[in-house]
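Peer 1: Here is the input, now give the coordinates:
(one chain, ligands or ions: 1)
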Amino acid sequence: MASDRYFLHHGILLPTVVHNEESLKYANDFKVQDSDVFAITYPKSGTTWMQEIVPLVLNGGDLTPVQTIPNWDRVPWLEETRAALVLNRLPSPRAMVSHMPYHLMPPSFFPSKAKVIYVTRNPKDVMVSSFHFHKMASFLDDPGTFDEFLNKFLSGQVLFGKWTDHVKSWRNSDLGDRILYITYEEMVKDLRGVLERLSRFLGRDLSEETLDRVANHCCFSNMKLNAMSNYSLVPQEIMDSSKSPFLRKGVAGDWKNHFSPEQDFKFTAVLKEEMNGTNIKFPWDEE
Ligand SMILES: Nc1ncnc2c1ncn2[C@@H]1O[C@H](COP(=O)(O)OS(=O)(=O)O)[C@@H](OP(=O)(O)O)[C@H]1O
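Peer 2: Got it, this is the predicted structure:
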């Protein structure tokens, strides 16, 4: 880790652009309220999608916030530098996102009744999405070749560490009915069905018409057009969408266009080894 673009926090690589000691202290000292809602993800697993969906479900489908407030202020990251500015002003129930592994959540989170939506995505697609993101984001190191980046991903020398550690930490958490597990792939396949589950989980009784409106607003093609969500407000020298748009493809299985058979074999073998003995199964394990 020779770059000044990153630093280690409890052994996990974080980007200096939006994290520092102060923001991490703020996150650790954060007083979680029982009404708080956290959408937790390993990077590139559906965070931006949740920043769109969760406020809509919580407010009964009113599109105003998602059409007028940038996602990073609408549903802020707990651990980022903006959190201190934004979070204390959010009306209850506060919705926020985080990439933190379970054990690095603020101490006040554990005894609270705050709810968690944990989104998992096929790690091969996570890696592909992250590879393209590293090419367009000037605050991150160039990813190198696809093969080099694959090796970094498997060894956890990437933002927020190993995918397997993150997933195991949250899948093994003891949060009972405080946590809802969903996958990116389910959302791609049946967003309307996921919205119904999510509304029930968050205690919101949305009408059929509202669910349809939310599903329509949150589909990839519409979100791509929403300037409050597609990162077009970020200057091009920071995120260059001509290299790769932030909302890039929005599909399941794009890894098949990137992985060689050898890379697929290696990636699968490493993941299998690390998930061995966990009882955590995903639909893509059989692919
Ligand atoms: N509405 C919708 N439908 C389908 N896919 C969507 C949607 N919104 C975001 N995305 C895709 O999510 C990927 C970005 O992940 P994150 O938002 O978690 O990124 S980040 O961690 O906040 O940087 C990135 O995936 P890729 O397209 O594979 O790169 C986005 O396109």
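
Peer 1: Identify the residues contacting the helix or strand containing residue 209?
Peer 2: Taking DSSP states H and E as the criterion, residue 209 maps to helix 208-217. By Cβ atoms under 8 Å, 6 or more residues apart in numbering, the surrounding residues in contact with helix 208-217 are 52-53, 56-57, 60-61, 63, 66, 191-192, 195-196, 199, 206, 222-223. Any C-beta I mention is one placed from the backbone N, CA and C, and that applies to glycine too.

Peer 1: With just CA atoms, put it into CSV.
Peer 2: The C-alpha trace of helix 208-217 is given here as CSV (Å, rounded to 0.1, in the frame of the first residue of the first chain):
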residue,chain,number,x,y,z
GLU,A,208,-49.9,-1.5,-5.2
GLU,A,209,-49.8,1.7,-7.0
THR,A,210,-47.0,3.1,-4.8
LEU,A,211,-44.9,0.0,-5.1
ASP,A,212,-45.3,0.2,-8.9
ARG,A,213,-44.2,3.9,-8.9
VAL,A,214,-41.2,3.2,-6.6
ALA,A,215,-40.1,0.2,-8.8
ASN,A,216,-40.4,2.2,-11.9
HIS,A,217,-38.4,5.1,-10.5
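
Peer 1: List buried residues within the contacts of helix 208-217.
Peer 2: 52-53, 56-57, 61, 66, 191, 195-196, 199, 206, 223 (16 or more other Cβ atoms under 10 Å).

Peer 1: pLDDT below threshold where in the stretch 1-150 of the chain?
Peer 2: Along the stretch 1-150 of the chain, the model assigns pLDDT under 70 to residues 1-2.

Peer 1: List the residues that contact residue 259.
Peer 2: 124, 267.

Peer 1: which SS class is it?
Peer 2: Put simply, residue 259 is coil when judged by DSSP: H, G, I helix; E, B strand; the rest coil.

Peer 1: and the gap between residue 98 and the ligand?
Peer 2: Look at residue 98 and the ligand: by Cβ to the nearest ligand atom, to the nearest Å, they are 11 Å apart.

Peer 1: for residue 198, that is, sorry about that
Peer 2: In this view, residue 198 and the ligand are 14 Å apart by Cβ to the nearest ligand atom.

Peer 1: Based on its surroundings, how many neighbours for that residue?
Peer 2: Per other Cβ atoms under 10 Å, the neighbour tally for residue 198 reads 25.
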